[in-house]
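S.K.: pasted the sequence and its predicted model underneath.
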Amino acid sequence: MSTGRDGWLLRLKSGLSQSSERITGGITGLFTKRKLDQATLDDLEEILIAGDLGVGPAMKLSQSLADQRFDQEITPEEVHAILADEVANILEPVAAPLEVNPHQKPFVILVCGVNGSGKTTTIGKLANQFRSQEKSVILAAADTFRAAAVEQLQVWGERSNAPVITGNPGTDPAGLAFAALEQAKSEGADVLMIDTAGRLQNRKDLMAELEKIVRVVKKLDDKAPHATLLVMDATIGQNALSQVEAFKDMIDVSGLVMTKLDGSAKGGVVIALAERFGLPVHAVGVGEGIDDLRPFDARAFARSLMGLDA
């Protein structure tokens, strides 16, 4: 397998191929030997909306294309290139790597997301990245009601050489988070990542639990958590918007991580999320491998989404 940036860009393009084909296939059919007229722009908007970019971004992209080439003949390849540039312009303001502030030690990262979003896997991959940067990392298994979640985090802890703080099944998650922060402080750890439950269907319970975790860790560090990540599964498409709304109602989400882009034809939802919320997108995942989660590169993502080499 290719390694380094070139290898990652290939995996990104391959991972986004379903999303790309959904959009570019429609564009190719639409722009074969046609002038850019209003009917064509209306059809383009429909293709982009169907590609999960959202109504606002679809209108903005169509208008940008019209501003540049209205009433002129234009090839599908030219459309792909123009749209890739415009998508990159939408995404670049939110493309922000997750930075660990060395002056906030331990740097506490609270990780949220519904069950099945890839939350625990994301924690493991981030832990591996931090360890490769010579940072000491502790993981806290505060999803105490799901034994499988605790076991999965322990496996990732072993893979990344990061100790995992666990409790007995049903242990109070906030109490476990507090104990983990105490340990991280006493050991001088650089990073503490706290895995949380994802039972969004019981929102009141989850809200109370998340609020309690935040309240309790603030007793030890009034600035904690220093980052609150929401991990999103790209395969849910437009449902991601309501998920962000739900979690933002519960907790101060500071950034997003998008997973499972390789299994989705709905990767365009990243653009809808950027336009609606403006939250930083820290990283995207395009596979199960430990290196398949990388900082979000707006231009590479935009070009891959439009079927172009990044």
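M.R.: Received, thanks. Numbering: from 1, shown residues only.

S.K.: state the distance from the closest residue to Leu210 other than its chain neighbours to Val87.
M.R.: Excluding the flanking residues, the one nearest Leu210 by C-beta to C-beta, 6 or more residues apart in numbering is Ile251, at 4.9 Å. C-beta here means a position set from N, CA and C on the backbone, and glycine is covered the same way. Separation of Ile251 from Val87 (C-beta to C-beta, to the nearest Å) stands at 29 Å.

S.K.: just the C-alphas of the strand or helix carrying Asn89, formatted as PDB.
M.R.: Element membership for Asn89 (DSSP states H and E) is helix 76-91. What follows is helix 76-91 as a C-alpha-only set of coordinates in PDB (Å, rounded to 0.1, in the frame of the first residue of the first chain):
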ATOM      1  CA  PRO A  76     -18.100  18.400 -17.900                       C
ATOM      2  CA  GLU A  77     -14.400  18.600 -17.000                       C
ATOM      3  CA  GLU A  78     -14.500  22.400 -16.800                       C
ATOM      4  CA  VAL A  79     -17.600  22.100 -14.500                       C
ATOM      5  CA  HIS A  80     -15.800  19.700 -12.200                       C
ATOM      6  CA  ALA A  81     -12.800  21.900 -12.000                       C
ATOM      7  CA  ILE A  82     -14.800  25.100 -11.300                       C
ATOM      8  CA  LEU A  83     -17.000  23.400  -8.700                       C
ATOM      9  CA  ALA A  84     -13.900  21.800  -7.000                       C
ATOM     10  CA  ASP A  85     -12.500  25.300  -6.500                       C
ATOM     11  CA  GLU A  86     -15.700  26.700  -5.200                       C
ATOM     12  CA  VAL A  87     -16.200  23.700  -2.800                       C
ATOM     13  CA  ALA A  88     -12.700  24.200  -1.500                       C
ATOM     14  CA  ASN A  89     -13.500  27.900  -0.800                       C
ATOM     15  CA  ILE A  90     -16.500  26.800   1.300                       C
ATOM     16  CA  LEU A  91     -14.500  24.200   3.200                       C
END
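
S.K.: which strand or helix spans Pro282?
M.R.: One thing to correct before we go on: residue 282 is His, not Pro. Assigned by DSSP H and E, His282 belongs to strand 281-285.

S.K.: what separates stretch 152-168 from the chain centre, distance-wise?
M.R.: Between the centre of stretch 152-168 and the centre of its chain there are 22 Å (C-alpha atoms, centre = their mean, to the nearest Å).

S.K.: that older thread, please enumerate residues in contact with the helix holding Asn89?
M.R.: Residues external to helix 76-91 that are found in contact with it (C-beta atoms under 8 Å, 6 or more residues apart in numbering): 24, 27-28, 30-32, 44, 57, 60-61, 64-65, 68-69, 270-271, 274-275, 281, 296, 298-299, 301-303, 305-308.
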